[in-house]
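Colleague: pasting the structure only:
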């Protein structure tokens, strides 16, 4: 998704977040709290991470996923400035 964000825009960096916020496992059996983050930078390899946030309630998982995504984006931005 992050790579598609770059392809569809003039941005130099794009972020994507997906996962299972709950209240139940997804149709593939992935557990609640499993989140994937990806950060794509133009001309570089896409970085990705898997986070296991656990069963903390849908709102809390969404909040934590957003916070971790912004931290991931900030780190990618700093690394790109080197």
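Modeller: That came through fine. Remember, predicted model here, so these are calculated numbers, not experimental data. Residues are numbered from 1 along each chain as shown.

Colleague: Now do the helices in this protein.
Modeller: Assigned by DSSP state H, the chain shows helices spanning 2-7, 58-80.

Colleague: so which of the ones you listed gets nearest residue 18?
Modeller: Closest to residue 18 of these, according to Cβ to Cβ: helix 58-80, at 9.0 Å. Backbone N, C-alpha and C define where each C-beta goes, glycine included.

Colleague: ranking the helices of the chain by mean pLDDT, which is last?
Modeller: When the helices of the chain are ranked by mean pLDDT, helix 58-80 comes last with a mean of 92.

Colleague: List the buried residues in that helix.
Modeller: By 16 or more other Cβ atoms under 10 Å, the buried positions in helix 58-80 come out as 61, 62, 64, 65, 68, 69, 72, 73, 76.

Colleague: which residues does the first one contact?
Modeller: In this case it means residue 61. 19, 21, 22, 32, 33, 35, 53 (Cβ atoms under 8 Å, 6 or more residues apart in numbering).

Colleague: Try it again at 10 Å.
Modeller: Counting by Cβ atoms under 10 Å, 6 or more residues apart in numbering, residue 61 touches 19-23, 32-35, 51, 53-55.

Colleague: Distance of it relative to residue 52?
Modeller: 11 Å (Cβ to Cβ, to the nearest Å).

Colleague: any common contacting residues for these two?
Modeller: Taking Cβ under 10 Å, 6+ apart as the contact rule, residue 61 and residue 52 both touch 19, 33, 34, 35.

Colleague: which residue packs closest to the last one, ignoring adjacent ones?
Modeller: Of all residues not flanking residue 35 in the chain, residue 19 sits nearest, at 3.4 Å (Cβ to Cβ, 6 or more residues apart in numbering).

Colleague: which residues does the nearest residue in space to residue 1 that is not next to it in sequence bridge with?
Modeller: Of all residues not flanking residue 1 in the chain, residue 16 sits nearest, at 3.5 Å (Cβ to Cβ, 6+ apart). On the basis of DSSP bridges, residue 16 is bridged to residue 38.
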